[in-house]
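Chemist: Quick one, fold the following:
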Amino acid sequence: MKILSIQSAVAYGHVGNSAAVFPLQRIGVEVYPVYTVNFSNHTGYGAWRGPLISPDEVLEVITGIEERGAFADIDVVLSGYQGSEGIADVILDAVARVKAANPSAVYSCDPVMGNAKSGCFVAPAIPILLRERVAPAADIITPNQFELGFLTETEPADLDSTLASVDAARAMGPSTVLVTSVERPERPEGTIEMLAVDDKGAWIVQTPHIPMKANGSGDVTAALFSAHYRETGDAATALARTTSSVYDLLQTTYDAGSRELLLVEAQEAYAHPRLQFEVTQVR
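Modeler: The predicted model follows:
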């Protein structure tokens, strides 16, 4: 499998492509990473250095990959955090060109906007752009519960309302939706869930909640789920593998007291997920 991943990059720590690429490689996926920023570290530190890469320069890199004849072999185009409005045009153009070369390719969009605790942390125009243009063009989207609500202009809370919000998202265009950080009030205390829905049904998985802020964990989740789903075509299998891998990554990081994901130390969890959590069909 080959994935064109258009995301941010950092030298220190793991977010964007700096979080997604290695786990994908560890499960045997060839990745073509294209950077939208090249920062020293993620912006959560409050200070960082390095350039925001212009849409024209991002396009130049993608065009160079195309000129090598690679587009016909790309199975997935993956995108995450979009630092500027112009990047969306570049991504959508790349998706169209890849699909022209390989009609079986899919576009997986992680519509990064924010979360329930901190609200939106992207430029004000980005969420509107994601809702109106980017998400409708995707085959797979991987929002958290907060982002799902914004995309669909709904308020997902319990299981029924979250499923209704997913249905609204699927009506926009994407056939497969992974909802991360599902916090329905009826779940047992100290747990958190993920929900995957496609044409065949809906599945939920519950894990203990690890009390840490894990920058980049959503990027790992989106990457692994996209790859596993593209390989198997089975949402339940992709959900089980992804959940196991990401939970063990977070547990390894938490146990070490590290602020940054211990991406390398947890590598066996990607290659050989323990499948320790039961996936339950809910529809």
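Chemist: CA only for contacts and neighbour counts going forward, please
Modeler: Fine.
Chemist: any idea where the strands of this protein begin and end?
Modeler: Under the criterion DSSP state E, the chain contains strands at 2-10, 30-39, 76-79, 106-109, 114-115, 119-120, 140-141, 176-182, 191-198, 201-208, 279-281.
Chemist: Next one: the nearest residue to Val246 once chain neighbours are set aside from Asp56, what distance?
Modeler: Closest residue to Val246 apart from its sequence neighbours, by CA to CA, 6 or more residues apart in numbering: Thr221 at 6.5 Å. Here Thr221 is placed at a distance of 28 Å from Asp56 (CA to CA, to the nearest Å).
Chemist: out of those two, which sits in the more crowded spot?
Modeler: For Thr221 versus Asp56, neighbours defined as other CA atoms under 10 Å are more numerous around Thr221 (23 against 12).
Chemist: surely the more buried one meets Thr242?
Modeler: Yes: Thr221 is in contact with Thr242 according to CA atoms under 8 Å; the separation is 6.3 Å.
Chemist: In terms of mean pLDDT, which of the strands of the chain ranks lowest?
Modeler: Set side by side, the strands of the chain show their lowest mean pLDDT on strand 119-120, which sits at a mean of 67.
Chemist: can you redo the strands of the chain as a markdown table with distance to Leu130 and mean neighbour count?
Modeler: Shown next, in a markdown table, are those (distance: least, CA to CA, whole Å; neighbours: other CA atoms under 10 Å):
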| stretch | distance to Leu130 | mean neighbour count |
| --- | --- | --- |
| strand 2-10 | 15 | 24 |
| strand 30-39 | 16 | 20 |
| strand 76-79 | 11 | 28 |
| strand 106-109 | 9 | 26 |
| strand 114-115 | 12 | 16 |
| strand 119-120 | 13 | 14 |
| strand 140-141 | 11 | 29 |
| strand 176-182 | 15 | 23 |
| strand 191-198 | 20 | 22 |
| strand 201-208 | 24 | 18 |
| strand 279-281 | 29 | 16 |
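Chemist: between these, which gets nearest to Gly50?
Modeler: For Gly50, the closest of the strands of the chain is strand 30-39, at 4.4 Å, according to CA to CA.
Chemist: and that closest one, C-alpha only, in PDB?
Modeler: Extracted in PDB, the C-alpha atoms of strand 30-39 (Å, rounded to 0.1, in the frame of the first residue of the first chain):
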ATOM      1  CA  GLU A  30       5.000   3.200   1.800                       C
ATOM      2  CA  VAL A  31       4.400   6.800   2.600                       C
ATOM      3  CA  TYR A  32       5.100   9.900   0.500                       C
ATOM      4  CA  PRO A  33       5.100  12.700   3.100                       C
ATOM      5  CA  VAL A  34       4.400  16.200   1.900                       C
ATOM      6  CA  TYR A  35       4.900  18.900   4.500                       C
ATOM      7  CA  THR A  36       2.600  22.000   4.900                       C
ATOM      8  CA  VAL A  37       4.800  23.400   7.700                       C
ATOM      9  CA  ASN A  38       8.300  22.600   8.900                       C
ATOM     10  CA  PHE A  39       8.300  23.700  12.500                       C
END
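Chemist: Tell me what angle it forms with strand 2-10.
Modeler: Per axes from the mean of the first three to the mean of the last three CA atoms, to 10 degrees, the angle that strand 30-39 makes with strand 2-10 is 20 degrees.
Chemist: contacting residues around strand 30-39?
Modeler: 1-11, 17, 21, 24-25, 48-55, 58, 61-62, 82-83, 87 (CA atoms under 8 Å, 6 or more residues apart in numbering).
Chemist: now it, how far from the centre of its chain.
Modeler: Computed by CA atoms, centre = their mean, to the nearest Å, the chain-centroid distance of strand 30-39 equals 14 Å.
Chemist: Please apply the same query to stretch 125-137.
Modeler: 15 Å.
Chemist: ok, now stretch 152-165?
Modeler: The chain centroid and the centroid of stretch 152-165 are separated by 20 Å under CA atoms, centre = their mean.
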